[in-house]
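Novice: need a structure here:
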Amino acid sequence: EVASNEIDAPIDIKKDRPKDYHPISTTMQRQRELYLSRLSLKRFRNNVERRRNERTHQESTFDNFTIDPQNESIKL
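Specialist: Numbering: from 1, shown residues only. Coordinates of the predicted model:
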């Protein structure tokens, strides 16, 4: 896990870079972004699979459901 002081640390710009050179992120920030994106994608895929399994189970439950003719004949 990346410490917050590593994320907020000023970026060390080498002296041979032009004055208008502004790096977007550090290697640690980029690694953290990649880690979090992989984690999010994994959680999303797990959720999709879980929902798909729930729907399949629910549909099979409705397929096995039968109406009792005796209860059907009762008038309300």
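Novice: The helix or strand hosting S60: which residues count as buried?
Specialist: Following DSSP states H and E, one finds S60 within helix 27-63. Buried residues in helix 27-63, counted by 16 or more other C-beta atoms under 10 Å: Q29, R32. Where you see a C-beta, it was placed from the backbone N, CA and C, and this is true even at glycine.
Novice: quick one: average confidence on that helix?
Specialist: On average, the pLDDT along helix 27-63 is 90.
Novice: let's have the chain start at 19 instead
Specialist: Sure, I'll start counting at 19 from here, so that last one is helix 45-81.
Novice: Which neighbouring elements make contact with that helix?
Specialist: helix 22-26 (3 or more C-beta pairs under 8 Å, 6 or more residues apart in numbering; DSSP states H and E).
Novice: how near is S55 to R70?
Specialist: Computed as C-beta to C-beta, to the nearest Å, the S55 to R70 distance reads 23 Å.
Novice: Check K33 too.
Specialist: Distance of K33 to R70, computed by C-beta to C-beta: 56 Å.
Novice: Run through the residues that contact Q76.
Specialist: Counting by C-beta atoms under 8 Å, 6 or more residues apart in numbering, Q76 makes contact with nothing.
Novice: Quick check: H75 vs R69, distance?
Specialist: For H75, the distance to R69 - C-beta to C-beta - is 11 Å.
Novice: ok, now Q76?
Specialist: Q76 is 10 Å from R69, by C-beta to C-beta.
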